[in-house]
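K.L.:
I'll drop the sequence and a predicted model, then ask my questions.
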Amino acid sequence: MKILSRKFYARNPKTVAIELLGKVIVRKVGNKKLSGMIVETEAYYGDKDPASRAYKGKKKYNSVMWDLPGKLFIYMVHGYWLLNIVAHEKDSAGVVLIRALEPLDGVDEMIKNRRVENIRSLTNGPGKLTKAMQIDKKLNGLDVTKRNSELTVVKSGFRPKNIARSYRIGVTKDLPEKLRFYLKGNNFVSR
DNA sequence: AGGAAGATCTACT
DNA sequence: GTAGATCTTCCTA
């Protein structure tokens, strides 16, 4: 399957968030392959977005938000790592948060990582999928457009329809715009 | 030193 | 379905 190019991410975060639905995240751990289809995303802007990590300006921990589109931005909230992909037009900041996946390859391995039996609760939340796929701070800044990366995003045969949108989840200061996108009816969306 | 943060789990009504 | 405890950085004072 074809890896998404840098150009794909070099657009408005909202556009990228919508188009990432139905794509597949491939995580390589040693010789094991874990993968899952993206079923839920949220868009975050730069300094105009009070919920964004970029809102208060460039800091050491968030500087990758201004970096090349297609890089990973990973940070900790309430004890969980959250997976974001940098997406923005030239000279700005922005990311797309990956909120939920539908597991494809390596389900056994994910069950081991998560210590749950229920497939449905394996990756149906932003903190859960990072644990299932062994994603943490070490992958911050990783370029997902390179074929040999430990984590890549590829096209798939899925043609998502029934895309629904809502306000972002858990955000204390949201924008007056619906920036969460998910596949309606999919069993793996977070709520 | 103290607190907030894009969440999750558990234990209930 | 909601409520409360707890999770681990990084920020602010």
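P.N.:
That came in fine, so what should we check first? Numbering: from 1, shown residues only, chains lettered A, B, ... in the order given.
K.L.:
Within range of DNA strand B, give me the residues from chain A.
P.N.:
Residues of chain A lying close to DNA strand B (C-beta under 7 Å from any atom of the strand) are A:42, A:44, A:51-53, A:76-80, A:82, A:84, A:95, A:97, A:114, A:116, A:121, A:125-128, A:168-172, A:190. All C-beta atoms are positioned from the backbone trio N, CA, C, and that covers glycine.
K.L.:
For ChimeraX, write the select line for the buried members of those.
P.N.:
Those of the residues of chain A next to DNA strand B that count as buried under 16 or more other C-beta atoms under 10 Å are selected in ChimeraX with:
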select /A:42,44,51,52,53,82,84,95,97,114,125,126,127,128,168,171,190
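K.L.:
following the helix or strand harbouring A:K7, which helix or strand shows up next?
P.N.:
Assigned by DSSP states H and E, A:K7 falls within helix A:6-9. Where DSSP H and E defines the elements, the next helix or strand beyond helix A:6-9 is helix A:13-20.
K.L.:
just checking, what packs against that following helix?
P.N.:
Applying 3 or more C-beta pairs under 8 Å, 6 or more residues apart in numbering; DSSP states H and E, one finds that helix A:13-20 makes contact with helix A:6-9, strand A:32-44, strand A:95-103.
K.L.:
Show the pLDDT at the closest residue to DNA strand B within chain A.
P.N.:
Across chain A, no residue is closer to DNA strand B than A:G170, which sits at 2.0 Å (C-beta to the nearest atom of the strand). For A:G170, the pLDDT comes out at 91.
K.L.:
Name all residues that make contact with it.
P.N.:
A:G170 makes no contacts at all, as judged by C-beta atoms under 8 Å, 6 or more residues apart in numbering.
K.L.:
Please report how far the most centrally placed residue in chain A lies from A:K56.
P.N.:
By C-alpha atoms, centre = their mean, the mean C-alpha position of chain A lies nearest to A:I98, the distance being 2.3 Å. Relative to A:K56, A:I98 is positioned 23 Å away (C-beta to C-beta, to the nearest Å).
K.L.:
What segments of chain A are helices?
P.N.:
For chain A, the helices defined by DSSP state H occupy A:6-9, A:13-20, A:107-114, A:126-132.
K.L.:
want to throw the ones you listed into JSON lines with distance to DNA strand C and mean pLDDT?
P.N.:
As requested, these are exported to JSON lines (distance: least, C-beta to the nearest atom of the strand, whole Å; pLDDT from 0 to 100):
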{"stretch": "helix A:6-9", "distance to DNA strand C": "23", "mean pLDDT": "98"}
{"stretch": "helix A:13-20", "distance to DNA strand C": "21", "mean pLDDT": "97"}
{"stretch": "helix A:107-114", "distance to DNA strand C": "15", "mean pLDDT": "95"}
{"stretch": "helix A:126-132", "distance to DNA strand C": "9", "mean pLDDT": "96"}
